[in-house]
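In: give me a 3D structure for the following:
(2 chains)
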2 protein chains.
Amino acid sequence: MWPDRRLIDLVKTELPIVQAPMAGAMDAELVIAASQGGALGSLPCAALSVEKIREQMGDIGARAAGPINLNFFCHPALEDEPSRQGHWLERLAPYYASLGLDPRAATAATGRTPFDAASLDLVLELKPAVVSFHFGLPDAVMTGRLKAAGIVVMSSATTVAEAVWLERHGVDAVIAQGAEAGGHRGSFLAGSVAAQPGTFALVPQVVDAVRVPVIAAGGIADGRGIAAAFALGAAGVQIGTAYLRCPEAKISAPFRAALGTAADDSTVITNVMSGRPARGIYNKIMRELGPMSADAPAFPHAAKALAPLRAAAEARGSSDFSALWAGQSVALTRAMPAADLTRSLAAAGRKRLEELAR
Amino acid sequence: MWPDRRLIDLVKTELPIVQAPMAGAMDAELVIAASQGGALGSLPCAALSVEKIREQMGDIGARAAGPINLNFFCHPALEDEPSRQGHWLERLAPYYASLGLDPRAATAATGRTPFDAASLDLVLELKPAVVSFHFGLPDAVMTGRLKAAGIVVMSSATTVAEAVWLERHGVDAVIAQGAEAGGHRGSFLAGSVAAQPGTFALVPQVVDAVRVPVIAAGGIADGRGIAAAFALGAAGVQIGTAYLRCPEAKISAPFRAALGTAADDSTVITNVMSGRPARGIYNKIMRELGPMSADAPAFPHAAKALAPLRAAAEARGSSDFSALWAGQSVALTRAMPAADLTRSLAAAGRKRLEELAR
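Out: Okay, the predicted model is just below:
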């Protein structure tokens, strides 16, 4: 039924599809629907408290029978630097003025915390089938404890060197995140964003470099993309942007509208929204301060000063200051419920594979 | 035998493979070998005089029976601006000094000329099966005369908008050039290089937007890539970097050495070598002045002041100032004769398509 069953055998899903965890854009509802459709449902935990994760997993367990993936960030927990934050606020001051806001309204926290001891205890208690990481892996002791508990561990690689590093450090599968992918680049070794390969080049080179199954990510939004990922040697796909179009996604009306009109060349990689490079739909703040800026404070602190601007603008129907994370195939997506989307993606992928054999 | 025969039917080749024209890196010898292997052999004419093109086509006609593609640039013929060129030479002065060269040695010409009336007369005389263009198309009268003569006309698109424009202006096939591709971006409408999609995202969106056959280019270097291109909806592939590894390619020893050691993340898009964005292996001059620089004179004039530096450095075995054009899948390539490469790519592509059907 699928040319490669290694991912299905590893994570025990019906389909070789991972619904991408998208922090700030979704909750249990999308996880449940994607899981009901046969995908690996993934809950993004980077912005959630321990209590909230436990509550969400309770909802998921009650309504979805399939395996679930809990996703965490493991970025270095850098202190905010007051001088950089002050300079950033100065650069944003004209926008505060134009929206009639007080710069002192900038929030103190960003709600993006790395995987830590409390996260580990929680995961060992909840025992999800899979834990995936972004920005590398936690330390070897933590990773070892997850694996010892029988949890499948995955992480993203944006280069071959990162994939090899991840395999050496114990992952059971590598998510090869091509440059087309929406949201944050999972990079943790790679220096230049400009040098990171597209999905078409990255996937086969990662497949050649590691023994674990490779999950292709970036630009996959229909059956053609699923078939192409298998052709390149992937054992499955991770799909994000297409799930943002689902009614179950928790995104603002301006974000939803932007997704519906974006074209193939509407996105760029920016660091101005959070301090780390991420792909999103080009908007006012990215155009005027970026897309890449040396002024942006370190991740995740660049987001603090943008929060009041985003809230005020979105209330007026504007996405000028919103992180409109989306991949380069956003225009291939259509609005539909997540379980239906999952099944239709799988059916289209299988159909395309059959067509290729003719 | 192939899931889509539209390109084969259009250009009458044995295989749905276009050997990419690579100006400055090849001549008739590679065209002949690729054609003998079953591909559409492509002669890059942007750097050749009318006499030289006639001579090369004579050689090709004597040794290759298959259809041939003549490739031309059609960039706007911008005058060199003395003030910009002077500023550029100032930026390069330290390198001239370090190599013991006189800046007055900078050459007056770059040898990159756009398609013009003389080119048209020549093409109508030589009647190649195919003419392909980079940087758009010549004017409607010229394009019309090529088509009226029964010549298949193709050009490259780096976005959906460019593909639609090309179809409206009469091309018989669109080359969808993803961001992974080595060499010059074919862009002629697209503004930001950063927004140009990768092959995985570009190909299906172009396929949906035009009726003519789409040739996938960028990151394709083995059978997996060929199968994936068909999965995405392409009717064929254009392959460049893999052919640079062939003994028939006319490249310097330092360039050949760089190709043999490059990794997945060794290339970036730069404008410092020529004045237009192009993907190549990161070297000293790209690192220190780019990869993108507002100081570079307009295409092709940035190349003038680099020519003496390149020649002197290459004579010492260094590629510090060379345009090391290569795509992101360069590490998937292996050195072998071009006819063998063509046949082995086709065999691997067919094998991969069969494997997917299991």
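In: what's around the spatially closest residue to A:Thr342 that is not a sequence neighbour, how many residues?
Out: Counting by C-beta to C-beta, 6 or more residues apart in numbering or on different chains, A:Thr342 lies nearest to A:Gly37, which is 2.8 Å off, once chain neighbours are set aside. (Each C-beta comes from the backbone N, C-alpha and C, glycine too.) The number of residues packed near A:Gly37 is 24, by other C-beta atoms under 10 Å in any protein chain shown.
In: go on, A:Glu125?
Out: 11.
In: all the strands of the stretch 1-150 of chain A, residue numbers only.
Out: Under the criterion DSSP state E, counting those that start in this stretch, strands of the stretch 1-150 of chain A are mapped to A:17-19, A:41-44, A:68-73, A:130-134.
In: about what we covered before: I'd assumed A:Glu248 was in contact with the residue nearest to A:Thr342.
Out: No. Look at A:Gly37 against A:Glu248 with C-beta atoms under 8 Å: they stay out of range, at 10.8 Å.
In: identify the contacts common to the two.
Out: Residues touching both A:Gly37 and A:Glu248 by C-beta atoms under 8 Å, 6 or more residues apart in numbering or on different chains: A:Ala338.
In: what does the stretch 101-250 of chain A put close to chain B?
Out: A:159-161, A:178-180, A:190, A:192, A:194-202, A:204-205, A:208, A:218-220, A:222, A:224-225, A:227-233 (C-beta under 8 Å from any C-beta of the partner chain).
In: off-centre distance for the longest helix seen in chain A?
Out: Determined from DSSP state H, the single longest helix within chain A is helix A:338-357. In terms of C-alpha atoms, centre = their mean, to the nearest Å, the centre of helix A:338-357 is found 22 Å from the chain centre.
In: same check on stretch A:112-125?
Out: Centroid separation for stretch A:112-125 versus its chain: 18 Å, with C-alpha atoms, centre = their mean.
In: swap in stretch A:82-95?
Out: Centroid separation for stretch A:82-95 versus its chain: 27 Å, with C-alpha atoms, centre = their mean.
In: coming back round to it: redo the strands of the stretch 1-150 of chain A as JSON lines? Include mean pLDDT.
Out: What follows is the strands of the stretch 1-150 of chain A, written out as JSON lines (pLDDT from 0 to 100):
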{"stretch": "strand A:17-19", "mean pLDDT": "98"}
{"stretch": "strand A:41-44", "mean pLDDT": "98"}
{"stretch": "strand A:68-73", "mean pLDDT": "98"}
{"stretch": "strand A:130-134", "mean pLDDT": "98"}
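In: want to throw the ones you listed into a markdown table with mean neighbour count?
Out: Listed next are those as a markdown table, based on neighbours: other C-beta atoms under 10 Å in any protein chain shown:
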| stretch | mean neighbour count |
| --- | --- |
| strand A:17-19 | 28 |
| strand A:41-44 | 27 |
| strand A:68-73 | 26 |
| strand A:130-134 | 27 |
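In: output these as TSV; include the columns distance to A:Ala348.
Out: Shown next, in TSV, are the strands of the stretch 1-150 of chain A (distance: least, C-beta to C-beta, whole Å):
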stretch	distance to A:Ala348
strand A:17-19	11
strand A:41-44	20
strand A:68-73	23
strand A:130-134	24
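In: distance of the residue nearest to A:Ala129 when sequence neighbours are not counted from A:Ser35?
Out: Nearest residue to A:Ala129 in three dimensions, chain neighbours excluded: A:Pro67, at 3.3 Å (C-beta to C-beta, 6+ apart). Per C-beta to C-beta, to the nearest Å, A:Pro67 is found 8 Å from A:Ser35.
In: which one of these two has more residues nearby?
Out: Shown here are A:Pro67 and A:Ser35; by other C-beta under 10 Å, A:Ser35 has more neighbours (27 against 18).
In: my guess is the more buried one contacts A:Ile60, does it?
Out: Yes. Assessed by C-beta under 8 Å, A:Ser35 is found in contact with A:Ile60 at 7.3 Å.
In: what touches both of the two?
Out: Common contacts of A:Ser35 and A:Ile60 (C-beta under 8 Å, 6+ apart): A:Gly41, A:Ile68.
In: list the contacts of A:Leu202.
Out: Taking C-beta under 8 Å, 6+ apart, one finds A:Thr158, A:Thr159, A:Val160, A:Ala176, A:Gln177, A:Gly178, A:Ala179, A:Gln196, A:Gly218, B:Asp264, B:Gln328 in contact with A:Leu202.
In: swap in 6 Å and give it another go.
Out: With contacts defined as C-beta atoms under 6 Å, 6 or more residues apart in numbering or on different chains, the neighbours of A:Leu202 are A:Ala176, A:Gly178.
In: and A:Ile60, by the same measure?
Out: Residues in contact with A:Ile60 (C-beta under 6 Å, 6+ apart) are A:Ala28, A:Val31, A:Ile32, A:Ile68.
In: let's see 10 Å
Out: A:Ile60 makes contacts with A:27-29, A:31-32, A:35, A:41, A:43, A:66, A:68, A:70, A:126, A:128, as judged by C-beta atoms under 10 Å, 6 or more residues apart in numbering or on different chains.
In: do A:Tyr282 as well
Out: A:258, A:262, A:265-268, A:270, A:290-291, A:324, B:192, B:194-195.
In: what's the pLDDT at it?
Out: At A:Tyr282, the predicted lDDT confidence score is 96.
In: surely A:Val212 and A:Ala176 touch.
Out: No. A:Val212 is beyond contact range of A:Ala176, at 11.1 Å (criterion: C-beta atoms under 10 Å).
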